[in-house]
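Colleague: Please find the sequence and the predicted model below.
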Amino acid sequence: MNFELIDQSIQYTFLNDRYGEVGAKARTFKNVKQGVSAAGLAEVGGVLADLQGDDLGSATLIQKQAVPLN
């Protein structure tokens, strides 16, 4: 039995002193296309960080998969 991919999203953590004591802010973007490359996701995160004047701290791909019951 194989899992069935239902949905995936990406969570970026942006670093900047303006985000308070922790210095980090996480943002999640839904509906990431299946088959996207890690390099592509990293590039998008880097561009978003640059636009906000932040550094990119991390990128995490989040997947929801159905578990077959029979």
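Modeller: Thanks, I have it.
Colleague: so which strand or helix has residue 65?
Modeller: For residue 65, the host element (DSSP states H and E) is strand 55-66.
Colleague: how about the helices in this structure?
Modeller: Assigned by DSSP state H, the chain shows helices spanning 38-52.
Colleague: quick revisit: direction included, what does the strand holding residue 65 pair up with?
Modeller: With DSSP bridges as the test, strand 55-66 is paired with strand 4-15 (antiparallel).
Colleague: tell me the pLDDT at residue 52?
Modeller: pLDDT recorded at residue 52 is 97.
Colleague: Hmm, it is touching residue 12, no?
Modeller: No: between residue 52 and residue 12 no contact is recorded; they are 10.1 Å apart, counting by CB atoms under 8 Å. Where you see a C-beta, it was placed from the backbone N, CA and C, and this is true even at glycine.
Colleague: These two: which is more packed in?
Modeller: The residue with more neighbours, out of residue 52 and residue 12 and counting by other CB atoms under 10 Å, is residue 12; that gives 22 against 14.
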